[in-house]
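1. please work out how this folds:
(2 chains)
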Amino acid sequence: MGRENKILGIVGEVIAADFLKQKGYKILENNYTTPFGEVDIIAKDGDFTVFVEVKTRATDSLGPPSLSITWAKEKNIIKNALCYLKKYGLVYSYWRIDVVSVKLGEGNGVEQIELIRNAIEGTL
Amino acid sequence: MIAKIYSSCLLGIDAYEVTVETDIGGGLPYFNIVGLPDPAIKESRDRIKAAVKNSGYSFPSKKITINLAPADIRKEGAALDLPIALSILASEEVLDSGGMQDIIFCGELSLDGKLKPVKGVLPISMAMGKMGKKRLILPADNAREAAMVKDIEVYPAGSLKEVVDFLNKTIDIKAQRSNIEQIFKKNSRYKIDFADVKGQEHVKRGLEIAAAGGHNVLLIGPPGSGKSMLAKRLTTILSEMTIEESLETSKIHSVSGKLIPGKGLIGTRPFRSPHHTISDAALVGGGTHPAPGEISLAHNGVLFLDELPEFKRNVLEVLRQPLEEGAITISRISNTLTYPSKFMLVAAMNPCPCGYFTDPKRECLCSPFQIQRYLSKISGPLLDRIDIHLEVPRLELKHLTDKRCGEASCEIRKRVDRGRSVQRERLKADGIFFNAHLESKEIEKYCVMDKEREELLKLAILELGISARAYDKILKISRTIADLDSKDVIEAHHVSEAISYRSLDRNLWG
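-> Numbers count the residues shown, from 1 in each chain, chains lettered A, B, ... in the order given. Below you'll find the predicted structure:
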């Protein structure tokens, strides 16, 4: 099961990267690792550095993929992003976090793909 | 980029200028409002985001910081929605921000970008001269109210998009013009009249005297004798409101959101009749951020307390100071505010718990103890501030079936006006307007009688068991009666009539 999910994830990330290129994003990094975890895709969209979290699902039984980002995960994504920004001195530039949710159908064909811009905002 | 938009918030019944500053910068997208916003303003973040998107503009996914200056006064209400949204659009350069230094914006946004009316527009437009601003852009429903003030231009807008287009000069909005005199005249007609009341001539005369001298009144009578009906019509014989008075009263009603949209000014004297379960805070004003109460809403009009002994004791006691001073100062931890409250107090009560003590036809079932307890609910200090006590008898059948109408309010008002102008002339130097506000020194000076009449009054006091406290009151009422009669010196029949208006002093019951 674990292995299958990992493969599913990698397939999803490849599909998402292609999808983002179509949307005009410039991909900077794939699977960028930091001490806190990793960022699936780092891309450039205009002035913005965009950190993309890719969520892939094969079934709807656990709800839509985008719902699986919990508050703890959000915090982790922000931490990862800050690690990257700090390294390149970009903390005060424009940056945001997007989510791509990929749903795979029969034989790993794309059934549905969706980009949620600015999916995670700063909290008070 | 930084943008600055001007708006206004209320502190009591006065408005002050608020500068809405927006900074949009880098960082994780984030929208924060600082400068002591209250929860309604904090929540406006979600309204503004939706309204901006639904008006066809993109909401910046950047770090947005809004500052409401001055930062140390707490801002209240939803009127800042529009200026906040505009300042975001201005710093994104969607909006041409040149030439906005003389504009005040206010309005609540709905999610679809439409503008909703807000409270307290009149005080804002009245304070604009002081702020040095000339133009006011606000929701269309508020335009008429705001346009009551001369020397400013009021632009009514329907939606956020309309305001943006207007500022970018792609559309034109016609300034709202109102003729204040005309609106005031239209609004200053009463729907009720003293001609509706049959009989009760003695009570009408008493109310006429009360209206002329500004005396507070207590009506005592059995159920169904028409106490409320008479009290309601008292406003119709008070002298007509001046425009200044009307603006003052409208301002208070505007702050509490009680002005009828599209009507503009209040032209008739307010008549407020709170239920006897009212709390002290609701009567004199209160709350964490003090709001005006019933006595301030009755400013320049009549406060009617029906079933006076049923009111809670502490509620009646808080009336004492505003009755004396014509204003109420409310102190709370956040603020100390003063609201004007010049009103005439009219109270009504039954003579006993069952209500029929003075009724010649029906027997009273109350024990003396019960009556005593009922009357003792009204404290001496409060009773002291009520000059005229009127007994309202049960209506006779012959009056009920009478086809003739009573005297019309406008006729009575003419006499009241005459009486008032005599007083105003006489009391000008003392800075008071009514005989009711005379102090003992002025009573000595103005309520002059010859020796003979004075002896008569003293005799009457002794014979009728009238308390010494009532002596000054009787003199004041006699002065008003003499003024209505256009006499300089108080005569015997003036005094005797005045005595008849002090029935609670005559120990008739209880």
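2. chain neighbours aside, what residue packs nearest to the residue of chain A found nearest chain B?
-> Chain B sits closest to A:Gly122 of chain A, with a gap of 3.1 Å, by CB to the nearest CB. Bear in mind the C-beta positions are built from the backbone N, C-alpha and C, glycine included. Among residues not flanking A:Gly122 along the chain, B:Tyr30 sits closest, at 3.1 Å (CB to CB, 6 or more residues apart in numbering or on different chains).
3. quick one on the thing from earlier: ok, the residue of chain A closest to chain B - contacts?
-> Taking CB atoms under 8 Å, 6 or more residues apart in numbering or on different chains, we find A:Gly122 in contact with B:Gly27, B:Leu28, B:Pro29, B:Tyr30, B:Lys63.
4. list the contacts for B:Ser256?
-> Applying CB under 8 Å, 6+ apart, the residues contacting B:Ser256 are B:Lys119, B:Ala291, B:Pro292, B:Leu297.
5. out of these, what pair is the most spread apart?
-> Within the contacts of B:Ser256, B:Lys119 and B:Leu297 form the most distant pair, 13.6 Å apart (CB to CB).
6. for the residue lying closest to B:Met1 once chain neighbours are set aside, give me the pLDDT.
-> In space, B:Met1 comes closest to B:Ser91 once its chain neighbours are excluded; the distance is 4.7 Å by CB to CB, 6+ apart. pLDDT for B:Ser91: 92.
7. correct me, but B:Ser91 touches B:Ala3?
-> Yes. B:Ser91 lies in contact with B:Ala3 (CB atoms under 8 Å); the separation is 3.8 Å.
8. ok, for residue 36, nearest residue in space, not its chain neighbours?
-> No chain specified, so I'll use chain A. A:Lys79 (4.7 Å).
9. wait, chain B
-> In space, B:Leu36 is closest to B:Arg74, 4.5 Å off (CB to CB, 6+ apart).
10. contacts only, for that neighbour.
-> So B:Arg74 contacts B:Leu36, B:Asp38, B:His289, B:Ser334, B:Asn335 (CB under 8 Å, 6+ apart).
11. can you do 10 Å?
-> Contact analysis of B:Arg74 by CB atoms under 10 Å, 6 or more residues apart in numbering or on different chains lists B:Cys9, B:Leu11, B:Gly35, B:Leu36, B:Pro37, B:Asp38, B:Ile41, B:Leu68, B:Thr288, B:His289, B:Ser334, B:Asn335.
12. how close does the first one sit to B:Leu259?
-> It stands for B:Cys9. 18 Å (CB to CB, to the nearest Å).
13. next one: the fifth one
-> B:Pro37 sits 25 Å away from B:Leu259, going by CB to CB.
14. quick one on the thing from earlier: tell me if the residue of chain A closest to chain B really is in a helix.
-> No. Assigned with DSSP: H, G, I helix; E, B strand; the rest coil, A:Gly122 falls outside any helix and is coil.
15. circling back to that earlier point, just the buried residues of the contacts of B:Arg74.
-> For the contacts of B:Arg74, a burial check counting by 16 or more other CB atoms under 10 Å in any protein chain shown picks out B:Cys9, B:Gly35, B:Pro37, B:Asp38, B:Ile41, B:Leu68, B:His289.
16. assign a three-state SS to the fifth one, would you?
-> Using three-state DSSP, the three-state assignment for B:Ile41 comes out as helix.
17. that one and B:Ile66 touch, don't they?
-> Yes. In terms of CB atoms under 10 Å, B:Ile41 counts as a neighbour of B:Ile66; the distance is 9.4 Å.
18. name the residues contacting each of those two.
-> By CB under 10 Å, 6+ apart, the residues touching both B:Ile41 and B:Ile66 are B:Ile33, B:Gly35, B:Leu80, B:Ile84.
19. turn these into JSON lines, including secondary structure, distance to chain A and pLDDT.
-> Output for the shared contacts of B:Ile41 and B:Ile66, formatted as JSON lines (DSSP: H, G, I helix; E, B strand; the rest coil; distance: CB to the nearest CB, whole Å; pLDDT from 0 to 100):
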{"residue": "B:Ile33", "secondary structure": "strand", "distance to chain A": "10", "pLDDT": "94"}
{"residue": "B:Gly35", "secondary structure": "coil", "distance to chain A": "15", "pLDDT": "92"}
{"residue": "B:Leu80", "secondary structure": "helix", "distance to chain A": "18", "pLDDT": "94"}
{"residue": "B:Ile84", "secondary structure": "helix", "distance to chain A": "16", "pLDDT": "95"}
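20. most neighbours of all those residues, which one?
-> B:Leu80 (33 neighbours; other CB atoms under 10 Å in any protein chain shown).
21. OK, contacts around it?
-> Going by CB under 10 Å, 6+ apart, B:Leu80 touches B:5, B:7-9, B:18, B:20, B:33, B:35, B:37-38, B:40-41, B:44, B:48, B:66, B:68, B:87, B:105-109, B:118.
22. any part of the top helix by length along chain A near chain B?
-> When chain A is scanned for its longest helix (criterion: DSSP state H), the result is helix A:2-22. No. Helix A:2-22 lies apart from chain B when judged by CB under 10 Å from any CB of the partner chain; the minimum separation is 16.2 Å.
23. who are the packing partners of that helix?
-> strand A:26-34, strand A:37-45, strand A:48-57, strand A:95-104, strand A:110-116 (3 or more CB pairs under 10 Å, 6 or more residues apart in numbering or on different chains; DSSP states H and E).
24. at 6 Å instead, please
-> strand A:37-45, strand A:48-57, strand A:95-104 (3 or more CB pairs under 6 Å, 6 or more residues apart in numbering or on different chains; DSSP states H and E).
25. the shortest one pairs with which strands, parallel or anti?
-> Right, the one you point to is strand A:37-45. Partner strands and pairing direction for strand A:37-45 (DSSP bridges) are strand A:26-34 (antiparallel), strand A:48-57 (antiparallel).
26. so what touches the last one?
-> Looking back up the chat, that one is strand A:48-57. A:8-9, A:12-13, A:16, A:39-43, A:65, A:68, A:77, A:81, A:94-103 (CB atoms under 6 Å, 6 or more residues apart in numbering or on different chains).
27. next, the angle from that strand to strand A:95-104.
-> 20 degrees (axes from the mean of the first three to the mean of the last three CA atoms, to 10 degrees).
28. tilt between strand A:48-57 and strand A:110-116?
-> Using the same axes, to 10 degrees: strand A:48-57 against strand A:110-116 is 150 degrees.
29. and strand A:48-57 with helix A:2-22, angle?
-> Going by the same axes, to 10 degrees, strand A:48-57 makes 140 degrees with helix A:2-22.
30. next, name the residue at the spatial heart of chain A.
-> Centrality entry for chain A: nearest residue to the mean C-alpha point is A:Glu53, 1.4 Å, by CA atoms, centre = their mean.
31. that one bridge partners, please.
-> A:Val99.
32. now do the SS call for residue 73.
-> Since you didn't name a chain, this refers to chain A. At A:Lys73 the chain is in helix, as set by three-state DSSP.
33. I was thinking of chain B, sorry if that wasn't clear
-> Going by three-state DSSP: B:Ile73 is coil.
34. what's the local residue count around it?
-> Around B:Ile73 there are 16 residues (other CB under 10 Å).
35. and it, how far from B:Arg45?
-> From B:Ile73 to B:Arg45 the distance is 20 Å (CB to CB).
36. also B:Ala79?
-> 15 Å.
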